[in-house]
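A.B. asks: Predicted coordinates and the sequence they were generated for:
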Amino acid sequence: MRFLRAWIAAVILSGLGYLLFMWLGLAYPPLRLFGALTQLLGVPKLFQLVHAVFGLGQGGKIFAFSGVALLWLGGLTVLGGLWRGQIAGLVTFVLGLIFTPWYIALGYGLAFWFILDAVNLWLAPRIGAVTLRPAPADSGRRTTTLALAAGGAAVAGGGLSALFRDPGAAAPAAASIVPGPPLPFGVTPVSQWYYVSKNLEPFDPKVNGQSWKLAVGGLVRTPLSLSLADLKSFAPVTEELTLSCISNPVGGPLISNGIWEGFRLSELLKRAGVQPGAKYLLWEAADGYTESLPLGRALADDVLLVHTLNGQPLTPKHGYPLRVLIPGRYGMKQPRWITRITLAARDVPGYWVQRNWSKTALVELTSRIDVPAETSPVVKAGAAGFIRGIAFFGDQPISRVEVTTDGGKTWQAARLVTPRSKYAWTPWELPWTPSAGSYQIAARAYSGATVQKKADSDALPEGATGYHHFIVNVS
């Protein structure tokens, strides 16, 4: 029963720690352990393996965090089962120093000591004179212990199962190019926008927009601290722009198109005043994410700080209250939840760059077939229809898209739908009335003299290349 009581104490400690993390933002040791593990999993080759096993969503992170949670609870249970509270708390403090600041480790060590002693005092079998208590009381104590243990298991298991339920699973990940009122043609509704995070979604930052401020410092003449209302006083800019994740495979769903509202970063930097020695701009986000950008690129008029997507404030998962937009770069270069901008003389590699991902994250020329869908490639023979999709090359125009239905023996030019913005994807379509049979379809895009790369390559570390192709059965 000692280990059962230690398990109860571990669950209570973890529950209280999670509440403090949510309410006060205090460091949470299981999350710090998870961060250390994702440091390893973030290396491109391992990350690609995790994607292959668990898919493009949060499956790999859920698996990793579940293991960390069980390791954390199991470790505390072993400590509490082997030693009394004082020793178990001391060991917890020492081990906590590896992953957390000293004051957090000390707090968890003391808390585990007191919680473990309290649980043992309340639930341990009495000795001496108390052993003479009637059997029903001892039976009730055992029942209480088992009930609390079962409750602790339910809490822990419920928490893990909540993580296994993908919050975005109900919404389609791939953006449709079918118009959806009241949004213009080709704009992705926010509910269908792709979502990728270095965090598990429950641990994404929940920023209070009323108290939040953006700090601008480093090599500037006037350090700034601006609220969201202050930032909205800059000259407003509205831009339609497509965003793509660097981990998106060819033909994958991690790309979406939206209408953004915000202001030019250059206007903010003018107000702060850039000192002569500044060469790089460093971003910091509320979840600890970091990135950088050469100052020359940061001063371009097309680099925006945005607070609105499709006419509504950014949702928490998409960066509320403020995020960065840099045309021509993958999403990893465009942090969400930003809290600080620092101008510096030297570059500091960003979160993913430290893990050997692309330093520039320049978007690769790509095209995708949306109709017929790769997941259900069956078409009715003799029915007039279309092969449809999108093409994208960051801030570069799409000049041509070609489609093959015979495995590349012949190619036909598709009709392009002129995008409203040079930063938005280009929808395309090719009329098709197939007869019965099996067809190997593929698409390739052009941007002037640049041709989409045919060679297949993994998404990481520089972005996927190759033609989107699959077999369509017509019957």
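C.D. replies: Yes, it's here. Computed from a prediction, not measured in an experiment: that's the story for all the values here.

A.B. asks: need the helices for the chain, in chain order.
C.D. replies: Listed in chain order, the helices found in the chain under DSSP state H are 2-24, 29-41, 44-54, 59-82, 85-96, 102-123, 135-164, 228-231, 265-272, 295-298.

A.B. asks: between the ones you listed, which gets the lowest average pLDDT?
C.D. replies: Of all the helices of the chain, mean pLDDT reaches its minimum on helix 135-164 (a mean of 46).

A.B. asks: List the residues that contact the nearest residue to residue 450 once chain neighbours are set aside.
C.D. replies: Closest residue to residue 450 apart from its sequence neighbours, by Cβ to Cβ, 6 or more residues apart in numbering: residue 365 at 5.9 Å. Bear in mind the C-beta positions are built from the backbone N, C-alpha and C, glycine included. Residues counted as contacts of residue 365 (Cβ atoms under 8 Å, 6 or more residues apart in numbering) are 391, 392, 393, 396, 445, 446, 447, 450, 451, 452, 453.

A.B. asks: What is the burial count for the first one?
C.D. replies: Right, the one you point to is residue 391. Using other Cβ atoms under 10 Å, residue 391 has 26 other residues around it.

A.B. asks: still on that earlier bit, just the buried ones from the contacts of residue 365?
C.D. replies: The neighbour-count test (16 or more other Cβ atoms under 10 Å) marks 391, 392, 393, 396, 445, 446, 447, 452, 453 as buried among those.

A.B. asks: Now, those residues that are in strands?
C.D. replies: Restricting those to those inside strands, with DSSP state E as the criterion, leaves 391, 392, 445, 446, 447.

A.B. asks: Turn the residues you listed into CSV, including distance to residue 326 and pLDDT.
C.D. replies: Converted to CSV, those look like this (distance: Cβ to Cβ, whole Å; pLDDT from 0 to 100):
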residue, distance to residue 326, pLDDT
391, 20, 98
392, 15, 98
445, 21, 98
446, 24, 98
447, 18, 98
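
A.B. asks: want to throw the residues you listed into CSV with distance to residue 355?
C.D. replies: CSV is the format used below for those (distance: Cβ to Cβ, whole Å):
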residue, distance to residue 355
391, 29
392, 25
445, 29
446, 33
447, 30
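
A.B. asks: Pull the most distant pair out of those residues.
C.D. replies: Pairwise distances among these were taken by Cβ to Cβ; the largest, 12.5 Å, belongs to 392 and 446.

A.B. asks: shared neighbours of those two, anything?
C.D. replies: By Cβ under 8 Å, 6+ apart, the residues touching both residue 392 and residue 446 are 365, 398.

A.B. asks: So which of the buried ones among the contacts of residue 365 is the closest to residue 118?
C.D. replies: For those, the minimum distance to residue 118 (Cβ to Cβ) is 59.0 Å, reached by residue 392.

A.B. asks: Pretty sure that closest one sits against residue 422.
C.D. replies: No. If you go by Cβ atoms under 8 Å, residue 392 and residue 422 don't touch, sitting 11.3 Å apart.

A.B. asks: Return the closest of the contacts of residue 365 with respect to residue 85.
C.D. replies: Within the contacts of residue 365, distances to residue 85 taken as Cβ to Cβ reach their minimum at residue 392, with 58.9 Å.

A.B. asks: Skipping its backbone neighbours, what lies nearest the closest one in space?
C.D. replies: Counting by Cβ to Cβ, 6+ apart, residue 425 is the residue found nearest to residue 392 once chain neighbours are left out, at 4.2 Å.

A.B. asks: same thing with residue 275?
C.D. replies: Using Cβ to Cβ, 6+ apart and skipping residues adjacent in sequence, the residue nearest residue 275 is residue 219, 4.1 Å away.

A.B. asks: try residue 227
C.D. replies: Spatial nearest neighbour of residue 227, chain neighbours left out: residue 213 (5.4 Å); criterion: Cβ to Cβ, 6+ apart.

A.B. asks: cool, residue 193 as well?
C.D. replies: Using Cβ to Cβ, 6+ apart and skipping residues adjacent in sequence, the residue nearest residue 193 is residue 256, 4.5 Å away.

A.B. asks: swap in residue 277?
C.D. replies: By the measure of Cβ to Cβ, 6+ apart, the closest residue to residue 277 outside its immediate chain neighbours is residue 345, 4.9 Å from it.

A.B. asks: count of neighbours near that neighbour?
C.D. replies: Using other Cβ under 10 Å, residue 345 has 13 neighbouring residues.

A.B. asks: now do residue 84
C.D. replies: Each residue near residue 84 was counted by other Cβ under 10 Å, and the total is 13.

A.B. asks: Domain parsing of this structure, as residue ranges.
C.D. replies: Domain ranges of the chain: 2-164, 190-355, 366-474, per automatic domain parsing.

A.B. asks: okay, those domains in TSV with distance to residue 184 next?
C.D. replies: Putting the domains of the chain into TSV (distance: least, Cβ to Cβ, whole Å) gives the following:
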stretch	distance to residue 184
domain 2-164	27
domain 190-355	8
domain 366-474	7
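
A.B. asks: how about those, which one is nearest residue 183?
C.D. replies: Short answer: domain 190-355, nearest of the domains of the chain by Cβ to Cβ, at 6.2 Å.

A.B. asks: Quick one: distance of the closest one to the chain centre.
C.D. replies: Averaged C-alpha coordinates place domain 190-355 at 14 Å from its chain's average position (Cα atoms, centre = their mean, to the nearest Å).

A.B. asks: Over to stretch 78-85?
C.D. replies: Counting by Cα atoms, centre = their mean, stretch 78-85 is centred 37 Å from the centre of its parent chain.

A.B. asks: And for stretch 439-459?
C.D. replies: From the chain centre to the centre of stretch 439-459 is a distance of 27 Å (Cα atoms, centre = their mean).

A.B. asks: for stretch 390-405, same thing?
C.D. replies: For stretch 390-405, the gap between its own C-alpha mean and the chain's C-alpha mean amounts to 27 Å (Cα atoms, centre = their mean).
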